[in-house]
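Participant: Give me a model of this one.
(2 chains)
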Amino acid sequence: MPDAITIALGQISCRPGDKKHNIETMKKRIAESKRIKADIIAFPELSLTGYVVRDRAYELAETVPNGSSVHEIEKIAKKENIHIIFGMIERNARANAILHNTAVLISPKGYVGKYQKMHLPTHSVFEEKRYFRPGYKTPVFETEVGKIGMMICYDVYFPEIARLLSLRGAKLIVGISASPSVRRGFFETLTAARAMENTVFFAFVNLAGVEDGLQFWGGSRIIAPSGSVISQAKYDIDDFISATISYSDINRVQAWVPILRDLRPEIYTSLREETENL
Amino acid sequence: MLLTREALKLDLPLITSRLKRFIEDYVKKTKADGAVLNLSGGIDSATATALATLALGKNRVVALSLPERETYSPIDIKHTKMLAKKFGFSLVTIDITKVLQAYYKAIPAFDPKERLCKGNIKARARMICLYYYANRQNRIVVGSSDKSETMMGYFTKWGDVAADISPLMDLYKTQVRQLATHIGIPAEIIAKPSTPQLWPKQLAEDELGIKYEVLDLVLLGLENFVATKEIARQLKLPLKLVEGIKTRWLSSEHKRRTPLTMKMEYRTIGADFRLPYMPP
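Facilitator: Sure, this is the predicted structure:
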């Protein structure tokens, strides 16, 4: 695993329901990321389909990794020799009407793995539980560009996900998101908190543009384990950012603020019990 | 929650850029050639027309001034011209008096004493003109309803509220005033009392029985699940008044939704067909 890698974030706006168009948009950003010699590029939550697709989710869903869109992204990753993370509606391979809100990681060698969103917002303008089954796993993938964990949007409100990923060895957490404008303040705080409290790099890539009256606020960012924002994209509109990170910085920060060393597992049983009793 | 003016304060540059993008994005996605609006000369339509012009450019916005004899206001007409000059959009004035008279004459049940029923014909006649221009010139209709009037049901069903998009509908009246000042609507238009122009000397605040500065805070409380008792306590208002506003809000829901139907089949319009608008 190299110590230094270059991460690119493709903050795009999507055309809801038009996968072909959205893949073309991704391709342009991938070409841009190759020009700056990026090792990995991430795109927002449901970047394959757009976020506000509602009932059309059923017809837009594909299986992972055997769906045609994953194959298409695999070909691009191979051709451009880059790792790609993107979001899509996954059709459950065993039960066709069950869908997941999924982040997919692809390397130049092909499909690596996926993360199914665990916390599905169903309040305010969000209706994800109507469509998706939550995930139950927080996998960490050992890749040629580092140990990577993924999460999706509202998961960032729940520190347990980032904690599990960091305990499983993730050095880079990629949070893909489709966060509308009124939530900006929460995310700007929480993304930095997840990086700091786990002493990991956190790459947050958010959707931009307007879908059915929702303005997605963009503001994608790459955050250091110390919480400092290394690179930040523009608010609201399409943008592209990148940063070169050095994993060895984690050691320095962990020695300075040894959070993982100071964890107290004996209180976690109570945490579970109290949550169940809520 | 503290119901203070501070709670209604907007980040005006941010809101302006988002609303402009919202209008521009919708026109682009629908492949329309521009927008058409009803410009009465009041603050809401002035703000919506100015925003549409800032978003689309002056050549893609047509404002219809639709006066009629009974509610004719030279000041409003002056204001529409002032706005057209300042922002540069096209202004078309159509006197709808004869159209209205034809309706009055043609409807057997028409009763001139029923001024609300009569006034609603005016609002709907204006809507017909707007949609004619929209159809004929491939434009979208941009509405100018604000959140205060929409929550109160203070509009004509299928009339002044009819539009393809309503950029101001999530802003209370006092917030529209902030926005209007920010984008350069002349102060005399902002200061003018609101009227739906359904009959002579009709004023919104008189009919609603409360000033917008107070109404907006009551509505903000209701929006945020604050109990009526608490709203009345904080704003030093009679509980009956606050409860009356709540009742008016809830009882006008029929004006804000698609027509109710009886669920009989697998997926039902307005109930469990949940579809985004995705123009091809």
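Participant: for chain A, what are the nearby residues on chain B?
Facilitator: For chain B, the contact set with chain A under C-beta under 8 Å from any C-beta of the partner chain comprises B:17-18, B:21-22, B:25-26, B:267, B:273-278. (C-beta placed from N, C-alpha, C; glycine too.)
Participant: switch the cut-off to 10 Å
Facilitator: Remark: the part of chain B in contact with chain A comprises B:14-15, B:17-19, B:21-26, B:28-29, B:165-167, B:169-170, B:267, B:272-280, using C-beta under 10 Å from any C-beta of the partner chain.
Participant: mind checking which helix or strand residue 249 is in?
Facilitator: No chain was given, so I picked chain A. Secondary structure assigned from DSSP states H and E places A:Asp249 in helix A:248-256.
Participant: My question was about chain B, not that one.
Facilitator: With secondary structure defined by DSSP H and E, B:Trp249 is part of helix B:239-251.
Participant: The stretch 1-150 of chain A: helices as residue ranges?
Facilitator: A:19-35, A:57-60, A:68-80, A:128-131 (DSSP state H, counting those that start in this stretch).
Participant: Including distance to B:His79, mean neighbour count and mean pLDDT, could those go into JSON lines?
Facilitator: Supplementary listing: those in JSON lines, determined by distance: least, C-beta to C-beta, whole Å; neighbours: other C-beta atoms under 10 Å in any protein chain shown; pLDDT from 0 to 100:
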{"stretch": "helix A:19-35", "distance to B:His79": "43", "mean neighbour count": "17", "mean pLDDT": "97"}
{"stretch": "helix A:57-60", "distance to B:His79": "47", "mean neighbour count": "16", "mean pLDDT": "97"}
{"stretch": "helix A:68-80", "distance to B:His79": "54", "mean neighbour count": "17", "mean pLDDT": "98"}
{"stretch": "helix A:128-131", "distance to B:His79": "46", "mean neighbour count": "16", "mean pLDDT": "97"}
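Participant: Give me the spatial nearest neighbour of whichever residue of the stretch 101-250 of chain B sits closest to chain A, chain neighbours excluded.
Facilitator: The stretch 101-250 of chain B approaches chain A most closely through B:Ile165 (8.2 Å), counting by C-beta to the nearest C-beta. The shortest distance from B:Ile165 to any non-neighbouring residue, by C-beta to C-beta, 6 or more residues apart in numbering or on different chains, is to B:Tyr26 (5.2 Å).
Participant: about what we covered before: and the residue of the stretch 101-250 of chain B closest to chain A, its phi and psi?
Facilitator: As for B:Ile165, its main-chain torsions (degrees, to the nearest 10) stand at phi -140, psi 150.
Participant: What does the pLDDT read for it?
Facilitator: What the model reports for B:Ile165 is a pLDDT of 98.
Participant: Pretty sure it sits against B:Arg139.
Facilitator: No. Contact between B:Ile165 and B:Arg139 fails when scored by C-beta atoms under 10 Å: they sit 11.7 Å apart.
Participant: Overlap in contacts, the two.
Facilitator: With C-beta atoms under 10 Å, 6 or more residues apart in numbering or on different chains applied, the overlap between the contact sets of B:Ile165 and B:Arg139 consists of B:27, B:30, B:35.
Participant: Buried among those? Need that as a selection in ChimeraX.
Facilitator: Only the buried members of these enter the following ChimeraX selection, criterion being 16 or more other C-beta atoms under 10 Å in any protein chain shown:
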select /B:27,35
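Participant: List just the nearest of the shared contacts of B:Ile165 and B:Arg139 to chain A.
Facilitator: When the shared contacts of B:Ile165 and B:Arg139 are compared for distance to chain A (C-beta to the nearest C-beta), B:Val27 comes out closest, at 11.5 Å.
Participant: any low-confidence regions in the stretch 51-200 of chain B?
Facilitator: Within the stretch 51-200 of chain B, no stretch falls below the threshold (pLDDT under 70).
Participant: Over to the stretch 151-278 of chain A?
Facilitator: Confidence mapping of the stretch 151-278 of chain A against pLDDT under 70 gives zero matching residues.
Participant: In it, mark out all the strands, start to finish.
Facilitator: In the stretch 151-278 of chain A, the segments counted as strands under DSSP state E, counting those that start in this stretch are A:172-177, A:201-206, A:208-211, A:214-217, A:221-223, A:229-232, A:239-246.
Participant: next one: the stretch 1-150 of chain B
Facilitator: B:34-38, B:61-65, B:90-93, B:139-141.
Participant: Can you list the strands that the second one pairs with?
Facilitator: Strand B:61-65 has the following strand partners under DSSP bridges: strand B:34-38 (parallel), strand B:90-93 (parallel).
Participant: can you dump the C-alpha coordinates of the first one into CSV?
Facilitator: Backbone C-alpha positions of strand B:34-38 (Å, rounded to 0.1, in the frame of the first residue of the first chain) are rendered in CSV as follows:
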residue,chain,number,x,y,z
GLY,B,34,-38.7,31.3,-21.1
ALA,B,35,-41.2,32.3,-18.4
VAL,B,36,-44.5,34.2,-18.2
LEU,B,37,-45.8,35.7,-15.0
ASN,B,38,-48.7,37.8,-13.9
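Participant: Report the buried residues of it.
Facilitator: B:34-38.
Participant: which ones are touching the closest residue to B:Ala187 other than its chain neighbours?
Facilitator: Of all residues beyond its chain neighbours, the one nearest B:Ala187 is B:Thr181 (7.6 Å), with distances taken as C-beta to C-beta, 6+ apart. For B:Thr181, the contact set (C-beta under 10 Å, 6+ apart) comprises B:12, B:43, B:47, B:187, B:190.
Participant: Looks to me like B:Thr181 is in a helix.
Facilitator: Yes. Counting by DSSP: H, G, I helix; E, B strand; the rest coil, B:Thr181 is located in a helix.
Participant: what sits against A:Ser107?
Facilitator: Contacts here follow C-beta under 10 Å, 6+ apart; on that basis A:Ser107 touches A:40, A:74, A:77-78, A:81-84, A:113, A:141, A:143-145.
Participant: Kindly recompute the last result at 6 Å.
Facilitator: A:83, A:143 (C-beta atoms under 6 Å, 6 or more residues apart in numbering or on different chains).
Participant: who does the residue of the stretch 101-250 of chain B closest to chain A bridge with?
Facilitator: B:Val142.
Participant: related to what we said a few turns ago, tell me which of the strands of the stretch 1-150 of chain B sits most buried.
Facilitator: Among these, ranked by average contacts under mean count of other C-beta atoms under 10 Å in any protein chain shown, first place goes to strand B:34-38 (a mean of 27).
Participant: show me where the stretch 1-150 of chain A has strands.
Facilitator: For the stretch 1-150 of chain A, the strands defined by DSSP E, counting those that start in this stretch cover A:4-11, A:40-42, A:83-91, A:99-107, A:110-116, A:140-143, A:146-152.
Participant: Determine which stretch of these is the most buried.
Facilitator: A comparison of the strands of the stretch 1-150 of chain A by mean neighbour count, using mean count of other C-beta under 10 Å, puts strand A:40-42 on top with a mean of 28.
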